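Undergrad: Need a 3D model of the sequence below.
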Amino acid sequence: MLALFSGLDNFCYNIFMDKAKIFLTVSGSFIGGVFGASFFYPNYIPAIFAQLALLSAVIIFFVCYKNKNAIFITLALLFFAAGFFVTQIRIDKIAAFEAAPEEVDFSRRGMIVAEPKIKDNQQDLVFSSTSPRQSNIATAGEINYNILIQESAYQKYVYGEELDLQCKLTLPKNMADSDFDYRAYLARQDIFYICQKPQLEKTGQNLGNRFYSAVVMLKNKFSKNIYALIPSPEAALLEGLIIGGSGNLSKEIQANFSRTGMTHIVAVSGYNITIVAQYLMLLGFFLGLWRRQAFWFALIGIWVFILMTGFPASAIRAGVMGTLLLYAMKNGRLANAGNAILCSAAVMLFWNPLLLRYDVGFQLSFLATIGIVYFYPLMDKYFGEKLKKYPAGVPFIAEILFMSLSAQIFVLPIILFNFQTLSLISPVTNILVLPILPITMLIGFLAIAISFIFQPLAILFSWLAYLPLRYEILVINYFANLKFSALTVGLSWQGMLVWYIILVGVIYFIKKESGKEYFSPTQEIVTRGRVRDRLYSSSDENS
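TA: Numbering: from 1, shown residues only. Reported below is the predicted structural model:
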């Protein structure tokens, strides 16, 4: 017993002595466990693997508790086992439906548990059964699951409505000529059956979470006001910038966004969150707040912004990332931005471990952030000083180009593997569009916010917002229609593996040769500008 308490004492001591390493070990090991189970369980790694890792952690701790390295190994094994285990549970749940019948007659009462998604003439409803009456689902009936109802868009449905559903359900099917696992993609939302010809009867309403219901109503009202003030397709673009999503853009314009590498601007990503954080921090200082007060002001504002988007998964992960980076700014510890990336990834994967393999948006979001945090300093170090002798606009444009390239280098393998599209003019379109996005978002948001209060003034702001929106649409459409704008190129998973091994090797080599200064992300990386360093200085007297 004495040895146990002595071990715990040493453990706690080491925790406080090296928090950054502990943070990195815990997050990285958990993600490693999720990765191992996602790609290798059960075909290559059996279920007992996680149990062996847990047992090894316990043995190492009791045998070598006085050794600091042993403590780190113990933590690594514990959290690796935890990541593997939570992923294993979700994969086993998917496997349980392999024995379920392909088609079943279904009759139950349930509720719409997510905001309906409308595209063209169809809407998708996520339905969860709550009070079974009759069903011949045997295997599925024993498991908590959701159903994807594909219904006509002419009948309006809202989150929280109770429905009587009668339908012949079918298991999702993967296309024979595609590597995309559609069944697993739906399973990440606990959807295991599809209903394509439903018989629906509304039996109740307002049964969902009241807070989320209010969020969805606010979002829908915000979206409605956008289309009332601004014509399409500019209204759809503004909706994507502020609320997120490109579903209301025409298929042609969506394809143009993809060909020009600009799809990221209409998703609630880390970039959008960064812009919001910038404005809120500056507004806080303008209002006379101290640095610490401005941090809390910006933090609350970020989550209000995410609330307005309806809390989609992409916005939540961007919010987690933004929160951690803001905290790092407040404490002057942006050198640990890599830890913030891993932590936010671990938090999201704990919530839903299937995101790592089956959510391309998750992969792109974090790889782009890693690229900006770790690869941008290399370009800035090599070219930044040389560019200072040029007029002020040149370094600014170069900064946008370097950031775009840094993100593209890290996400390109995922894009080629999943979409087989290589945009050749993405750097050019990013340079022409990204600099005016912040002002576009600001004016557009003010126009919609004022529309709730004073319509004539909102109309004035809407016209001011229309001009940059129109410019952005014209630029994207023009470059997308160039013959050389994009190529159809694929990449195997082996090619992806080689690509990332080379990237890690390059970063490691330069770090070893040049020291850590390249890899201490600065305030200017996170805030996407060089003029705001003083706002986040850790030596601020008012902190």
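Undergrad: make it CA atoms for all contacts and neighbour counts henceforth
TA: Noted.
Undergrad: Tell me which helix or strand in the protein has the weakest average pLDDT.
TA: helix 523-527 (a mean of 41; mean pLDDT, DSSP states H and E).
Undergrad: domain parsing for the protein?
TA: 2-96, 100-208, 217-412+420-486 (automatic domain parsing).
Undergrad: Now find how far off-centre the last one is within its chain.
TA: Relative to the centre of its chain, domain 217-412+420-486 is centred 12 Å away, using Cα atoms, centre = their mean, to the nearest Å.
Undergrad: Measure how buried Thr170 is and give me the count.
TA: When counting by other Cα atoms under 10 Å, one arrives at 17 neighbours for Thr170.
Undergrad: Now it: phi and psi?
TA: phi -130, psi 150 (degrees, to the nearest 10).
Undergrad: What residues sit buried inside the lengthiest helix in the chain?
TA: Counting by DSSP state H, the longest helix found in the chain is helix 68-96. Residues of helix 68-96 classed as buried: 70-88, 90-91, 93-94 (neighbour count, 16 or more other Cα atoms under 10 Å).
Undergrad: repeat for stretch 35-46
TA: Neighbour-count burial for stretch 35-46 [16+ other Cα under 10 Å]: Phe35, Gly36, Ala37, Ser38, Tyr41.
Undergrad: And stretch 102-116, by the same measure?
TA: For stretch 102-116, burial by neighbour count (16+ other Cα under 10 Å) applies to Val104, Phe106, Ser107, Arg108, Arg109, Gly110, Met111, Ile112, Val113, Ala114, Glu115, Pro116.
Undergrad: For the stretch 201-350 of the chain, which segments count as helices?
TA: Remark: helices assigned in the stretch 201-350 of the chain by DSSP state H, counting those that start in this stretch are 210-229, 234-242, 251-259, 270-286, 291-308, 313-330, 337-351.
Undergrad: need those helices in CSV with mean neighbour count and distance to Tyr500, can you?
TA: Below are the helices of the stretch 201-350 of the chain laid out as CSV (neighbours: other Cα atoms under 10 Å; distance: least, Cα to Cα, whole Å):
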stretch, mean neighbour count, distance to Tyr500
helix 210-229, 17, 39
helix 234-242, 25, 30
helix 251-259, 18, 23
helix 270-286, 20, 22
helix 291-308, 20, 32
helix 313-330, 22, 22
helix 337-351, 21, 17
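Undergrad: and of these, who's closest to Ile450?
TA: helix 210-229 (10.2 Å; Cα to Cα).
Undergrad: Please list the outside residues in contact with that closest one.
TA: 115, 159-160, 206, 235-236, 238-239, 243, 307-310, 448, 451, 458-459, 462 (Cα atoms under 8 Å, 6 or more residues apart in numbering).
Undergrad: try 7 Å this time
TA: The contact list for helix 210-229 (Cα atoms under 7 Å, 6 or more residues apart in numbering) reads Tyr159, Ala235, Glu239, Leu307, Met308, Thr309, Gly310, Ile448, Ile459, Ser462.
Undergrad: Spatially nearest residue to the fifth one (excluding sequence neighbours)?
TA: Closest residue to Met308 apart from its sequence neighbours, by Cα to Cα, 6 or more residues apart in numbering: Lys219 at 5.2 Å.
Undergrad: For Phe311, see how far away that neighbour is.
TA: Lys219 sits at a distance of 10 Å from Phe311 (criterion: Cα to Cα, to the nearest Å).
Undergrad: ok, of the contacts of helix 210-229, which one's closest to Leu171?
TA: Tyr159 (23.7 Å).
Undergrad: which ones are touching the closest one?
TA: Ile112, Val113, Ala114, Glu115, Pro116, Gly208, Ser213.
Undergrad: Now the fourth one: phi and psi?
TA: Note on Glu115: its backbone torsions stand at phi -60, psi 130 [degrees, to the nearest 10].
Undergrad: which stretches of the stretch 401-543 of the chain form helices?
TA: Ranges of helices in the stretch 401-543 of the chain, per DSSP H, counting those that start in this stretch, are 426-433, 437-451, 455-480, 493-514, 523-527.
Undergrad: what's the farthest-apart pair in the buried residues of stretch 102-116?
TA: Within the buried residues of stretch 102-116, Val104 and Glu115 form the most distant pair, 25.6 Å apart (Cα to Cα).
Undergrad: What count of nearby residues applies to the closest residue to Glu161 other than its chain neighbours?
TA: Using Cα to Cα, 6+ apart and skipping residues adjacent in sequence, the residue nearest Glu161 is Gln205, 4.1 Å away. For Gln205, the count of nearby residues is 15 (other Cα under 10 Å).
Undergrad: And Gln205, how far from Val113?
TA: To Val113, Gln205 is 12 Å away according to Cα to Cα.
Undergrad: if I look at these two, which residues touch both of them?
TA: Contacts common to Gln205 and Val113, judged by Cα under 7 Å, 6+ apart, are Gly160.
Undergrad: can you tell me which residues contact the nearest residue to Leu460 once chain neighbours are set aside?
TA: Once flanking residues are discounted, Leu460 sits nearest to Ala447: 7.8 Å by Cα to Cα, 6+ apart. Taking Cα under 7 Å, 6+ apart, we find Ala447 in contact with Ala458, Phe461, Ser462.
Undergrad: and if we set it to 10 Å?
TA: By Cα atoms under 10 Å, 6 or more residues apart in numbering, Ala447 lies in contact with 225-226, 229-230, 441, 454-455, 457-465.
Undergrad: next one: Leu432
TA: Taking Cα under 10 Å, 6+ apart, we find Leu432 in contact with Ile397, Ile400, Leu401, Ser426, Tyr471, Glu472, Val475, Ile476.
Undergrad: Out of those residues, grab the one that's most surrounded.
TA: Greatest neighbour count in the contacts of Leu432, by other Cα under 10 Å, goes to Ser426: 25 neighbours.
Undergrad: Would you check that it makes contact with Ser404?
TA: Yes: contact criterion Cα atoms under 10 Å: Ser426 and Ser404 qualify, at 8.2 Å.
Undergrad: Report the set of residues contacting both of these two.
TA: Counting by Cα under 10 Å, 6+ apart, the common neighbours of Ser426 and Ser404 are Gly261.
Undergrad: on that earlier part again, counting contacts, what elements does the helix or strand that comes right after the longest helix of the chain pack onto?
TA: Using DSSP states H and E, the helix or strand that follows helix 68-96 in sequence is strand 103-112. Packing contacts for strand 103-112, counted by 3 or more Cα pairs under 10 Å, 6 or more residues apart in numbering; DSSP states H and E, involve strand 122-135, strand 146-152, strand 162-170, strand 191-195, strand 199-204.
Undergrad: Name the stretch among these that sits most buried.
TA: Mean neighbours per residue, mean count of other Cα atoms under 10 Å, is largest over the helices and strands packed on strand 103-112 for strand 191-195, with a mean of 24.
Undergrad: helices or strands up against that strand?
TA: When contacts are defined as 3+ Cα pairs under 10 Å, 6+ apart, strand 191-195 sits against helix 68-96, strand 103-112, strand 122-135, strand 146-152, strand 162-170, helix 182-187.
Undergrad: I'd like to know which of these lies nearest to Gln293.
TA: Among the helices and strands packed on strand 191-195, helix 68-96 comes nearest to Gln293, with 35.0 Å by Cα to Cα.
Undergrad: what's the angle from that closest one to strand 191-195?
TA: 20 degrees (axes from the mean of the first three to the mean of the last three Cα atoms, to 10 degrees).
Undergrad: chain center to helix 68-96: distance?
TA: Distance, stretch centre to chain centre, for helix 68-96: 22 Å (Cα atoms, centre = their mean).
Undergrad: what is the rounded mean pLDDT of that helix?
TA: Confidence for helix 68-96, expressed as mean pLDDT, is 87.
Undergrad: follow-up on the earlier one: between the helices and strands packed on strand 103-112, which gets nearest to Gly284?
TA: Closest among the helices and strands packed on strand 103-112, using Cα to Cα: strand 122-135, at 40.0 Å.
Undergrad: Buried members of the contacts of Ala447 into PyMOL, please.
TA: Command for PyMOL that selects the buried part of these, burial taken from 16+ other Cα under 10 Å:
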select buried, resi 225+226+229+230+441+458+459+461+462+463+465
